[in-house]
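Undergrad: What follows is a protein structure lacking sequence information:
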């Protein structure tokens, strides 16, 4: 027993030596001596703690588990988005990028160390079950999410198709925690919906920014043009959790002149400092535009809304956005694991930091909460008051509200007049969309008045 305990501190000191060597080889030798000395002292303490755990903890602990736990804790202390990806998690992440997986259909993040729903993806199991933006996931299959990392949470939520997972939700307005039992499904997302509305006003809904989003938006605008010129456009980014940066730049480019700054990033290293500008002018630069956002609008959605607001190209309407505006770089590690590290932050053209701040609308408009799937209802609740933990429900596009906007999709079993009736019924409940359409009508009216006055 004595020999066994005696060797463990030696292994821990060897670990310290390896860590210091790695630090020096990675560029640490260029740091000032005081910084190097302080780092060595802290690594020495780390070795002492590791040794004590190995020798005296009530149960035997594998060294690999200790090291991985230390790495996870170190990254968790930086920000909610940086994390360590074990070999299995890194492999799972690469599967995710293929765009098809068995899951619930929610975008999640960490807010104040709480697992929080950024937004449910429309027409997915989570969305149909009544999960809302801002919900806090307290448990997954009755296991607490306290201290869980994002990759581990994703791993628990995903699984074979048609299997069930129970998530326990804490929501503002709920008197107690509530369980949502949801069946996993293959998550395939149609990125863009479009519809021509009353008085030649176009409507385009972007669910997420996928690799085809920019082309789909252009295609939708082209269909509108075939039936005559538009008098205005509503671009709906509500409950859009984000997606590909290049697609947010591409969509912004549709409505701007050549050379306009859309977004830029700043990090500690020069390779993380990038600017994104429009490549060519568009024929839609003068089209009156209203962008709808809410607390479920995040990341790429905020880039579009922030750019077009800053450049005075659009009126942003709705409620404050989520505030997720940082760049995560995936770095493969030597043992097949990976590192998700925040390396830069997004800035709007005027220099506003998106992360944690979000985008404030030009015109604040709330929608009443309507959730037919939940037992607890409130007749009216603010979508977002600017606080990151506020709930941000959004009912647009569900079967009980605005399915008429899905009429661009094949639906041979529903008569055209029935779909139109469903759309009109939902439109009556969507206060934000009504206000956007009214604003565009007002723009047209003022233009007519000015033209008559000039003549």
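TA: Cool, the structure landed. Quick caveat, the model's predicted, so the values are computed rather than measured.
Undergrad: looking at the protein, which helix or strand is least sure?
TA: helix 2-25 (a mean of 50; mean pLDDT, DSSP states H and E).
Undergrad: following that one, which helix or strand comes up?
TA: Note on helix 2-25: by DSSP states H and E, the next helix or strand toward the C-terminus is helix 33-56.
Undergrad: Show me the shaky parts of this protein.
TA: 1-37, 92-101, 189, 369-423 (pLDDT under 70).
Undergrad: Need the residue closest to the centroid of it.
TA: In the chain, the residue lying closest to the centroid (Cα atoms, centre = their mean) is residue 241, at 3.4 Å.
Undergrad: Quick check: closest non-adjacent residue to it.
TA: residue 107 (3.4 Å; Cβ to Cβ, 6 or more residues apart in numbering). Every C-beta, even on glycine, is put in place using the N, C-alpha and C of the backbone.
Undergrad: again with residue 244
TA: Nearest to residue 244 is residue 209, by Cβ to Cβ, 6+ apart, at 5.0 Å.
Undergrad: count of neighbours near that neighbour?
TA: The local packing of residue 209 (other Cβ atoms under 10 Å) involves 28 other residues.
Undergrad: Please report the distance of it from residue 454.
TA: Residue 209 sits at a distance of 41 Å from residue 454 (criterion: Cβ to Cβ, to the nearest Å).
Undergrad: and the nearest residue to residue 106 once chain neighbours are set aside, how many neighbours does it have?
TA: Nearest non-adjacent residue to residue 106, counting by Cβ to Cβ, 6+ apart: residue 126, 4.5 Å away. By other Cβ under 10 Å, 27 other residues sit near residue 126.
Undergrad: show me the contacts for residue 126.
TA: 104, 105, 106, 120, 180, 182 (Cβ atoms under 8 Å, 6 or more residues apart in numbering).
Undergrad: Pretty sure the second one sits against residue 184.
TA: If I follow you right, that is residue 105. No. Under the criterion of Cβ atoms under 8 Å, residue 105 is not in contact with residue 184, lying 9.2 Å apart.
Undergrad: okay, and the common contacts of the two?
TA: Residues touching both residue 105 and residue 184 (Cβ under 8 Å, 6+ apart): residue 125.
Undergrad: Domain-wise, how is the chain divided?
TA: 2-61, 87-186, 192-327+341-449 (automatic domain parsing).
Undergrad: With distance to residue 333 added, can I get those domains in JSON lines?
TA: Listed next are those as JSON lines, based on distance: least, Cβ to Cβ, whole Å:
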{"stretch": "domain 2-61", "distance to residue 333": "12"}
{"stretch": "domain 87-186", "distance to residue 333": "8"}
{"stretch": "domain 192-327+341-449", "distance to residue 333": "11"}
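Undergrad: The residue nearest to residue 241 looks like it's in a strand, true?
TA: Yes. Assessed by DSSP: H, G, I helix; E, B strand; the rest coil, residue 107 belongs to a strand.
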